[in-house]
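Student: here is the input, now give the coordinates:
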Amino acid sequence: MNLEKILATENLCINDNLAPCIASCPIHVDVKGFIEQIQKGDFKSAYKILQKRMPMAKIIARVCDHPCYNSCVRNNKGGSVLISDLEKAVVQYGANAKIKKLPIRDNNKKVAIIGGGISGLTCAIDLRSKGYLVTIFEKDNTLGGRLRKKTEDIIPSSILEEEIDNIQKSGIQIKKGKTISRLDIDKLKCDYEAVYIGTGNWEEKLDVDNTTFQTQIKGVFCGGRIVTGNESIILSVSTGRRSAISIDRYINKKSLVALRDNEGSYKTKLKVDTKDIDDCKQVVINTKEDAILEAKRCILCECHKCYKACSHLQYEKLDPKAYIRKINQNERVILGDRYANKTINSCMLCGLCKTECPSNIDMSEIIRETRKSMVQKGKMPLSAHDFALKDMEFNNSDYFTLLKHQPNMNESKFLFFPGCQLCGSYPEYVQKSYDYLIQNLDGGVGLYLGCCGAPGEWAGREDLFEESMKNVSRSWELMGKPIIIVACSTCYYIFKKYLPHIKLVTLWEVLNEKGVSNEIKKHKKDLVMHDSCTARDYPNIHDSVRKILSKLGYGVIEPKYTKKNTQCCGYGGLSYFANKEFSNYATDKRIEEHEGDYLAYCAMCRDLFVSRGKNTFHILDLIFGENIDELSSKKGPTLSQRRDNRLKLKMSILNIWGEKIDLKEDYGDINLIIDQNVKDIMDDRLILEGDIKKVIGMAEENKNIFFNPKTNKYLAFRRIVNVTYWVEYEKICDDYKIIKTYTHRMDIQGE
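Tutor: Numbers count the residues shown, from 1 in each chain. As a prediction, the model looks like this:
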């Protein structure tokens, strides 16, 4: 696993880039931060945020020329947020906030500031906060420069004097009535370690570096209108601040140019999607309440498109950057707790993050690689994917696999591969679909029952997955390299990605092309379309399913996340087995998106939705189903029933070829009595009836049983692969009533 490459991917995430308003602000005031506090009605907190970046905030907030305004993403959505007016409201209603100031420790290094105007004061304030002994030389008898020309209604004189007084109290020396000329600079350089010129005008032309603000005279820096050439107050503030940074670096003999790309105004890399933002008109601010209403127009710019769309990221409270750091830490653990294992195994690997991300960051591929690495290092928890992998083993065993040409034919132009999940949920629809294909396609339609190997890919088990791919490829070649017809989106995705030489078509494309019966069925209505996440990149599937629905007389409701941007049902990536709590969360998030009945073309999607209370049709319900009004709420089979359905399907469908086969799992003749509550617990704990039969059968055979004569109950256990099963039961004639069952990973030694 290339951790360095993965860590490099972290840098592609744009979410921590500044909002457009903050990036365009020459001093990068946290506009989003203080507006968020106004939205809450907390003006004091808003002021504390404002003054962290804005010197003399009570003054500058009143006169800032707000270049941030034009960069607001609401510009075409009712007009930009009135940021300048909100700044004024902050200093009006929140400037009495108590701000704790730490004492300044002098560093005994002296800096001279020529000019007590806006840029000079800013430079002095910033340098003093770092411990410099600052002296301001001002030709007039007052500080403030242009600020003193503002009228009383714009800057009250009391506020201006308060800020000037605070500057003097900070320890900055003020020398008024001091005119400094070019001739005085050399002398100042002898007494001070750096000099800043911020006089508005200067007697000679200065060659000023646009990045460092150092003049042609080493150790002499310049800002304000001499540099900006305009009357912008906030730009003057910015030059004073950036010069203070340069002076600090110069005195401490550090690079003046390193890491300064994003100083001053710049265009942020952050991209903000506003398509769902309402056109909300500006609010004229006369009161606190007006300010709060106008602040609420701010959408608090962020990207987070992947986070907003992905239930996994929301559940884990992680964005891609934090997730990648968590993976990195988890991978580097040699001893100790690999605390991120469950998080990594909970991802549905659906790829929605990449689809939503402006930078195309694909967390699903990163997590796939991480799972492979965990397996290779022996760090993958056995419990995470144990059930799914055993189920895949069953589906590729003689209990389910089948490979046949169409009856009475020796070749196949097509090969129907329905997939294990459809066979587990709807074996009757598989038979009907196969009959349909035989009747509507020429050239022979073979049948291939088996698993595509997706559990192996999702679990990071390259060995199992590669073997599955080899089996599929060999079977396809054995059948004469036919066109494979798949009914499962996951199978389609797996074959498309890993077996690109095989020509594929979906059952939905065939049904759409050859036609479906438009038999009159009751209560035809609009259905909310749920696209399978593994069909994300295949518009041929999206279009075919929708056309079938239309031909059947149903309307389609498209949810917010649909087609290429569809959300996972909660099963993908084996999240259902690795983290059931999260899987339920993801399912609920998906079905809460719309009130109407849903339509799915994946068996697992449909069954999960119904299990969480959402009426959902499988598309084959509408084509082959009977008693249609009852099908949308019909619960899917249990895990045990799913396995039985596959076995029974194989035995039943062999009748087409006039063949019979008697397949039974070990101790399959044992009859169990299980009430619904116990069945629900078994499904939740991934315990199959077949496993219970093996435990009881082996225990009864070997007489290795605990018996409680007081309750007349038996207790037996058996280890199957990596899991120890315990079953408490009663004997009722020849039947076994299950009282309780549970599993654990410990191995019981001894007799």
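Student: could you pull out the strands for the stretch 201-350 of the chain?
Tutor: Applying DSSP state E, counting those that start in this stretch to the stretch 201-350 of the chain gives strands spanning 220-222.
Student: give me the distance from stretch 709-721 to the chain's centre.
Tutor: From the chain centre to the centre of stretch 709-721 is a distance of 45 Å (Cα atoms, centre = their mean, to the nearest Å).
Student: CA atoms only for that stretch, dumped as PDB, please.
Tutor: Taking Å, rounded to 0.1, in the frame of the first residue of the first chain, the C-alpha atoms of stretch 709-721 are listed here in PDB:
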ATOM      1  CA  PRO A 709     -33.000 -31.300  34.400                       C
ATOM      2  CA  LYS A 710     -34.700 -28.400  36.200                       C
ATOM      3  CA  THR A 711     -35.700 -26.600  33.000                       C
ATOM      4  CA  ASN A 712     -35.500 -29.700  30.700                       C
ATOM      5  CA  LYS A 713     -33.400 -27.600  28.300                       C
ATOM      6  CA  TYR A 714     -30.300 -28.600  26.400                       C
ATOM      7  CA  LEU A 715     -27.200 -26.500  25.600                       C
ATOM      8  CA  ALA A 716     -24.800 -27.400  22.800                       C
ATOM      9  CA  PHE A 717     -21.900 -25.700  21.000                       C
ATOM     10  CA  ARG A 718     -19.800 -26.200  17.900                       C
ATOM     11  CA  ARG A 719     -17.000 -24.300  16.300                       C
ATOM     12  CA  ILE A 720     -17.600 -23.700  12.500                       C
ATOM     13  CA  VAL A 721     -14.600 -22.200  10.800                       C
END
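Student: got any ranges where the stretch 451-600 of the chain has weak pLDDT?
Tutor: For the stretch 451-600 of the chain, the stretches with pLDDT under 70 are 518-523.
Student: what about the strands in it?
Tutor: For the stretch 451-600 of the chain, the strands defined by DSSP E, counting those that start in this stretch cover 483-486, 504-506, 526-530, 555-557, 598-600.
Student: what pairs with the fourth one, parallel or antiparallel?
Tutor: Based on DSSP bridges, the strands next to strand 555-557 in the sheet, each with its direction, are strand 526-530 (parallel).
Student: follow-up on the earlier one: save the strands of the stretch 451-600 of the chain as CSV, and put in mean neighbour count and distance to Val63 too.
Tutor: C-beta here means a position set from N, CA and C on the backbone, and glycine is covered the same way. Shown next, in CSV, are the strands of the stretch 451-600 of the chain (neighbours: other Cβ atoms under 10 Å; distance: least, Cβ to Cβ, whole Å):
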stretch, mean neighbour count, distance to Val63
strand 483-486, 24, 68
strand 504-506, 19, 65
strand 526-530, 21, 54
strand 555-557, 14, 53
strand 598-600, 25, 57
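Student: export the ones you listed to JSON lines and tack on distance to Arg128?
Tutor: JSON lines is the format used below for the strands of the stretch 451-600 of the chain (distance: least, Cβ to Cβ, whole Å):
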{"stretch": "strand 483-486", "distance to Arg128": "72"}
{"stretch": "strand 504-506", "distance to Arg128": "71"}
{"stretch": "strand 526-530", "distance to Arg128": "62"}
{"stretch": "strand 555-557", "distance to Arg128": "63"}
{"stretch": "strand 598-600", "distance to Arg128": "64"}
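Student: helix or strand: which one has the residue of the chain positioned farthest from its centre?
Tutor: Farthest-out residue of the chain from its mean C-alpha position, per Cα atoms, centre = their mean: Leu183, at 62.0 Å. Using DSSP states H and E, Leu183 sits within helix 182-191.
Student: buried ones in that helix?
Tutor: Neighbour-count burial for helix 182-191, counted by 16 or more other Cβ atoms under 10 Å, picks out Ile185, Leu188, Lys189.
Student: try stretch 315-335
Tutor: Neighbour counts over stretch 315-335 (16+ other Cβ under 10 Å) mark 315-316, 318-321, 323-324, 326-328, 330-331 as buried.
Student: in helices, which of the residues you listed appear?
Tutor: Of those, the ones assigned to helices by DSSP state H are Tyr315, Glu316, Pro320, Lys321, Tyr323, Ile324, Lys326, Ile327, Asn328, Asn330, Glu331.
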